[in-house]
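Enquirer: Quick one, fold the following:
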Amino acid sequence: MKYRNSLMGAAVLLAASSAHAAAQAATAAKLPPVRPLGAVERTSVELLGAVSTTRALSDGRVLVNDIIGRRVLMFDPTLATFTVVADTTPATGNAYSSRFGGLMAYKGDSSLFIDPTSLSMLVIDSKGMIGRVMSVPRANDAQALIGGPNGNPGFDAQGRLVYRAPPQIRFGGPGGRPPEGAQRPTGSAMVMPEFPDSQAVIRVELASRKVDTVGFLKVPRPKMNVTQDSAGRMQMSSVINPMPATDDWAILADGSIAFLRGLDYHVDWVRPDGSRESSGKLPFQWRHLSDSDKVAFIDSAKTAMEKVRAAAVARMGTPGQAGAPGPIPMAGAEAMAGAQVMVFRSGGPP
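Expert: Sure, this is the predicted structure:
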């Protein structure tokens, strides 16, 4: 009897495993549809340094933030002509005075230009004119409002400004003591900073400056090392995971906030009414990397990082417009150098 029960249990487990494998195979087969871009309908003649943000208006005009050229331009619907909204010349009151600035949608067809140097948000009306000026809600977060690799800020359904807050880097523990596990070279008072492994996405009411946290993102956490020789000279280096499991976020037109989870490819939602829900995991297949694949990936990552670093150093030594120092390029800016603005016809399924 005991032997027969064991056989029956094994059969049940085998059937369950087979059913689970079949379900996984069926799920993996339901990949999301490919959504190809349509044909290019219009292309701007004006070459731009690097397009960090575009803002389409209701009548077809397009606001463009050229973060390398330090200009905000308003193109007509055909992209044939444009007017300068902000740049580094007296004609616009040196509105683009910062090394880099941000652009985001505001009420209706108005927009906000973020100037982190003056801690200001300039309101651009529907005609492309700069009107009133507001202060950024939190001075320490001004650069976080520029967008780019940290996600583009925006407003939710209640008019609150949503953005990814800067990381809280610790340089010491309670009472000034080094945090647990912090590295310090022998005989030195210097303590290496401790980087967090998560960052908050917050929302701010502009009128009251009230802040609350929407959620958290998993972010790469570099490890800082420091060495000191007999002469007291110190050298710092960092160890970076070239293939981290990291999260991202975005705010939709209806004010919904999406948290994209990089570990298992699912999306957590915060809806305009405050409710929370999660989408199903996106089907994908893990790919095993051999040792040679890992070496090749690391080598290519090093080459890319050195290229960006060299370009940044060269650009800082090149005067920008009006004799100002060249801006520090944001992540991805070099790939967009000499870019044009294009309008595509929508294609593929909705």
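
Enquirer: Which of the helices or strands spans A310?
Expert: helix 291-316 (DSSP states H and E).

Enquirer: Report all helices and strands that that helix contacts.
Expert: Contact partners of helix 291-316 among helices and strands, from 3 or more CB pairs under 8 Å, 6 or more residues apart in numbering; DSSP states H and E: none. Every residue, glycine included, has its C-beta placed from N, CA and C.

Enquirer: Numbering from 58 from now on, please.
Expert: With the count now opening at 58, the last piece we talked about shows up as helix 348-373.

Enquirer: Pull the distance from it to the chain's centre.
Expert: 20 Å (CA atoms, centre = their mean, to the nearest Å).

Enquirer: got it, and stretch 288-300?
Expert: Counting by CA atoms, centre = their mean, stretch 288-300 comes out at 25 Å from the chain centroid.

Enquirer: Quick one: residues in contact with that stretch.
Expert: 242, 245, 247, 249, 277, 279-286, 354-355, 358 (CB atoms under 8 Å, 6 or more residues apart in numbering).

Enquirer: and which of those is nearest to P329?
Expert: If you rank the contacts of stretch 288-300 by distance to P329 using CB to CB, P277 comes first, at 30.5 Å.

Enquirer: Grab the nearest non-local neighbour of D144.
Expert: In space, and not counting its chain neighbours, D144 is closest to R128: 4.5 Å by CB to CB, 6 or more residues apart in numbering.

Enquirer: For the one you found, give me its contacts.
Expert: Contacts of R128 by CB under 8 Å, 6+ apart are 105, 141, 143-144, 153.

Enquirer: what about this protein, any weak spots by pLDDT?
Expert: Applying pLDDT under 70 to the chain flags residues 58-86, 228-248, 372-407.

Enquirer: For it, which segments count as helices?
Expert: 59-86, 348-373 (DSSP state H).

Enquirer: Count the neighbours of D325 for me.
Expert: Neighbourhood size, D325 [other CB atoms under 10 Å]: 16.

Enquirer: likewise R227?
Expert: Neighbours of R227 (other CB under 10 Å): 14.

Enquirer: before we move on, what about M362?
Expert: Neighbour count of M362, defined by other CB under 10 Å: 12.

Enquirer: what does I187 give?
Expert: 16.

Enquirer: If we ignore the residues flanking it in sequence, what's nearest it?
Expert: L179 (5.1 Å).

Enquirer: so who does the one you found touch?
Expert: Residues in contact with L179 (CB under 8 Å, 6+ apart) are 143, 152, 169-170, 172, 187, 190.

Enquirer: list the contacts for L320?
Expert: 275, 302.

Enquirer: State the distance from it to E262.
Expert: Computed as CB to CB, to the nearest Å, the L320 to E262 distance reads 32 Å.

Enquirer: ok so, going back, what bridges to the residue nearest to D144?
Expert: D123 (DSSP bridges).

Enquirer: now swap in T140 and tell me
Expert: Residues in beta-bridge contact with T140 (DSSP bridges): M131.

Enquirer: What separation do you get for it and A201?
Expert: 29 Å.

Enquirer: I124 now?
Expert: Note on I124: its distance to A201, by CB to CB, is 15 Å.

Enquirer: Comparing these two, which residue is more hemmed in?
Expert: Of the pair I124 and A201, I124 is the one with more neighbours under other CB under 10 Å, namely 30 against 23.

Enquirer: Just give the nearest non-adjacent residue to the more buried one, would you?
Expert: With CB to CB, 6+ apart, the residue lying closest to I124 is S109, at 4.0 Å.

Enquirer: Is the one you found in contact with P206, as I believe?
Expert: No - with contact defined as CB atoms under 8 Å, S109 does not reach P206; the gap is 10.2 Å.

Enquirer: ok, these two, which is more surrounded?
Expert: Between S109 and P206, counting by other CB under 10 Å, S109 is the more crowded of the two (24 against 11).

Enquirer: Which parts of the stretch 258-407 of the chain are strands?
Expert: With DSSP state E, counting those that start in this stretch as the criterion, the stretch 258-407 of the chain has strands at 268-275, 280-285, 291-296, 305-308, 314-318, 323-327, 333-335, 399-401.

Enquirer: Give me the neighbour count for H345.
Expert: H345 has 5 nearby residues by other CB under 10 Å.

Enquirer: Ok, R217 next?
Expert: Around R217 there are 20 residues (other CB under 10 Å).

Enquirer: R260 is in contact with that one, correct?
Expert: Yes - using CB under 8 Å, R217 is in contact with R260, at 4.1 Å.

Enquirer: Can you work out which residues contact both of the two?
Expert: Going by CB under 8 Å, 6+ apart, no residue sits against R217 while also sitting against R260.

Enquirer: ok, the residue nearest to E251 when sequence neighbours are not counted to M249 distance?
Expert: In space, and not counting its chain neighbours, E251 is closest to R227: 4.3 Å by CB to CB, 6+ apart. Taking CB to CB as the measure, R227 falls 10 Å from M249.

Enquirer: do the same with R118
Expert: 49 Å.

Enquirer: neighbours around P340, how many?
Expert: 15.

Enquirer: One more: S255?
Expert: Using other CB under 10 Å, S255 has 13 neighbouring residues.

Enquirer: what residues are up against it?
Expert: S255 neighbours (CB under 8 Å, 6+ apart): 273-276.
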